[in-house]
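Peer 1: need a structure here:
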Amino acid sequence: MTTLRYYEYTTADGDRWDLIAYRYYNDPNRMDEIIKANPEVLLYTVLPAGLKLRIPALTVEQTVSIGGSLPPWKS
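Peer 2: Okay, here's the model as predicted:
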């Protein structure tokens with residue numbers, strides 16, 4: 001069984017789910033992963049400052065997505 005690891009993030013004024021996803025994952029479309037990890041937080045358009053959020057850490061499999069091929073120096 002894999003244990004999920006999380007980063008803790010405290011929201012600042014003007015934070016939105018997509019902006020946080022971009023900050024941590026370089027992909028605003030991954031905000032659903034953060035939302036699912038924080039079911040107790042209401043789905044605000046703009047999050048209030050001071051909320052503590054859990055940000056799921058990515059695994060190596062989630063970060064390597066360049067067509068499934070290895071870089072030239074690893075083949």
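Peer 1: low-confidence ranges in the protein?
Peer 2: Low-confidence segments of the chain, defined by pLDDT under 70, span residues 1-3, 60-75.
Peer 1: would you list every one of the strands in the protein?
Peer 2: If you assign secondary structure with DSSP state E, the strands in the chain sit at 6-10, 52-56.
Peer 1: right, and D27 touches A21 too?
Peer 2: Yes. Contact between D27 and A21 holds when scored by C-beta atoms under 8 Å: they sit 6.3 Å apart. Any C-beta I mention is one placed from the backbone N, CA and C, and that applies to glycine too.
Peer 1: re earlier: and the strands of the chain, which is most packed in?
Peer 2: strand 52-56 (a mean of 17; mean count of other C-beta atoms under 10 Å).
Peer 1: Quickly note the distance from the residue lying closest to L51 once chain neighbours are set aside to Y44.
Peer 2: The spatial neighbour of L51 that comes closest, neighbours along the chain excluded (C-beta to C-beta, 6 or more residues apart in numbering), is T11 at 4.4 Å. Here T11 is placed at a distance of 9 Å from Y44 (C-beta to C-beta, to the nearest Å).
Peer 1: The two: which is more packed in?
Peer 2: Neighbours per residue (other C-beta atoms under 10 Å) separate T11 from Y44, with T11 holding more: 19 against 12.
Peer 1: angle of the longest helix anywhere in the chain against strand 6-10?
Peer 2: Longest helix in the chain by number of residues, with DSSP state H as the criterion: helix 17-25. For helix 17-25 against strand 6-10, the angle between stretch directions is 130 degrees (axes from the mean of the first three to the mean of the last three C-alpha atoms, to 10 degrees).
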